[in-house]
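[1] Provided below are the primary sequence and the corresponding predicted coordinates.
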Amino acid sequence: MIKVTRIDNSELIINSDLIEFVESSPDTIISLTDGKKIIVRETPDEIIEKVAQFRRLVFGIDKTRELKNKN
């Protein structure tokens, strides 16, 4: 899940697994797999970073435990 900001400054949390693509025209538009489109203030690069951070959080937990157990 990532937090994004709509054009009206309201915050929205979306499931990043449902993102089909992100485009800039000039506003950033997130298209979801169900056909919904969300216009946000973040740039496409910021969306990519938010998704990457979320996935590191989710998938990196076991790596952290693994490293602690080795020490």
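    Received, thanks.

[2] what residue lies at the spatial centre of the protein?
    Val51 (3.3 Å; CA atoms, centre = their mean).

[3] Mind telling me what element that one is part of?
    Here Val51 is covered by helix 44-59, with elements defined by DSSP states H and E.

[4] mind listing the helices for the chain?
    Here the chain has its helices, by DSSP state H, at 44-59, 61-70.

[5] mean pLDDT lowest for which of these?
    Ranked by mean pLDDT, those bottom out at helix 61-70, which scores a mean of 61.

[6] ok, the residue nearest to the centre of the chain touching Leu18?
    No. If you go by CB atoms under 8 Å, Val51 and Leu18 don't touch, sitting 11.1 Å apart. The way it works is simple: take the backbone N, C-alpha and C, and place the C-beta from them, glycine included.

[7] What is the burial count for Val4?
    Close neighbours of Val4, defined as other CB atoms under 10 Å, add up to 20.

[8] what sits against it?
    Residues near Val4 by CB atoms under 8 Å, 6 or more residues apart in numbering: 11-14, 30, 38, 40-42, 47, 50.

[9] ok, the closest residue to Ile38 other than its chain neighbours - how many residues close by?
    Using CB to CB, 6 or more residues apart in numbering and skipping the chain neighbours, the partner closest in space to Ile38 is Ile30 (4.6 Å). For Ile30, the count of nearby residues is 23 (other CB under 10 Å).

[10] hang on, the earlier thing: out of the contacts of Val4, which is most surrounded?
    Result: Ile30 is most packed of these (other CB under 10 Å), 23 neighbours.
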